[in-house]
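Asks: My questions are about this predicted structure, shown below with the sequence.
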Amino acid sequence: MCGLRHYLPWALVLNAILVACASGDSVSPDESELPRLEERDASAAIQTDALNYDLAGIGPDRELGASIITTFANPIAGQVYVKKCGFDPPLFFLEKRLGGAWALAYASNCPAVRVDPLVVGAGETYTDTVRIWNCRGASCYPRFEVEPIPGDYRFVFDILEQWDGGPGGVSLPKDQRVSNVFRLHR
């Protein structure tokens with residue numbers, strides 16, 4: 001009886017390992033095997049210059065990065081206001097497709113919006129290069145808030161259809177300020 005009590009904890013640990021390994025939830029697919037994205041949603045108000053981007057190392061404090069050229073086409077009859085942080089590209093978020101839903105995965109880093117937004121007239125476009133990177137360290141931003149990083153993403157820009165002359169205003173509906181889906185690869 002003493003021998004059985006000695007082996008029972010090990011048997012429980014081995015069983016837990018076997019169950020975890022057999023479960024699809026605890027084993028993630030190989031990120032390097034994501035296929036290249038082939039289809040573009042041409043109806044999105046924001047278009048990226050490519051559908052696939054390879055994340056690359058960009059320095060000692062920034063683990064992964066990519067430069068993405070985006071073009072926003074104003075979808076409404078009036079002017080809109082693209083919020084910016086200084087002279088940097090537009091304020092943006094990245095959403096990652098997780099299952100069938102979009103989840104916040106990354107936010108551009110801007111401590112305070114201190115510059116007037118860029119005005120984009122009816123029928124006009126605005127093109128800029130957006131740089132994303134994953135900053136290392138617990139208090140270092142911006143960084144991805146999801147793991148694994150590779151996967152399907154879309155931009156959400158901070159665009160107003162009415163600007164109050166200060167930091168606020170009325171946002172353009174979200175479906176009019178998102179990009180086509182693109183894929184980040186490692």
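Replies: Thanks, I have it.
Asks: From the chain's centre, how far out is stretch 80-93? Work that out for me.
Replies: Distance, stretch centre to chain centre, for stretch 80-93: 16 Å (CA atoms, centre = their mean, to the nearest Å).
Asks: Buried residues of it, list them for me.
Replies: Of the residues in stretch 80-93, 80-85, 89-92 count as buried by neighbour count, 16 or more other CB atoms under 10 Å. The way it works is simple: take the backbone N, C-alpha and C, and place the C-beta from them, glycine included.
Asks: just stretch 63-78 next, same as before
Replies: Going by neighbour count (16+ other CB under 10 Å), the buried part of stretch 63-78 is 63-66, 68, 70, 72, 74-75.
Asks: Could you report the pLDDT at the residue nearest in space to the middle of the chain?
Replies: With the centre of the chain defined as its mean C-alpha position, the nearest residue by CA atoms, centre = their mean is Leu94, 2.5 Å away. On pLDDT, Leu94 comes in at 97.
Asks: what residues are up against it?
Replies: With CB atoms under 8 Å, 6 or more residues apart in numbering as the criterion, the residues that contact Leu94 are 104-107, 132, 144, 153-156.
Asks: OK, contacts around the nearest residue to it once chain neighbours are set aside?
Replies: In space, not counting the residues next to it along the chain, Leu94 is nearest to Tyr106; the distance is 3.8 Å by CB to CB, 6 or more residues apart in numbering. Taking CB under 8 Å, 6+ apart as the contact definition, Tyr106 lies against 93-94, 132, 142-146.
Asks: coming back round to it: what helix or strand does the residue nearest to the centre of the chain sit in?
Replies: With the criterion set as DSSP states H and E, the secondary-structure element containing Leu94 is strand 92-98.
Asks: Adjacent strands (with direction) for that strand?
Replies: Strand 92-98 has the following strand partners under DSSP bridges: strand 101-107 (antiparallel), strand 151-157 (antiparallel).
Asks: what sits against Gly57?
Replies: Contacts for Gly57 were tallied using CB under 8 Å, 6+ apart; they are 63-65.
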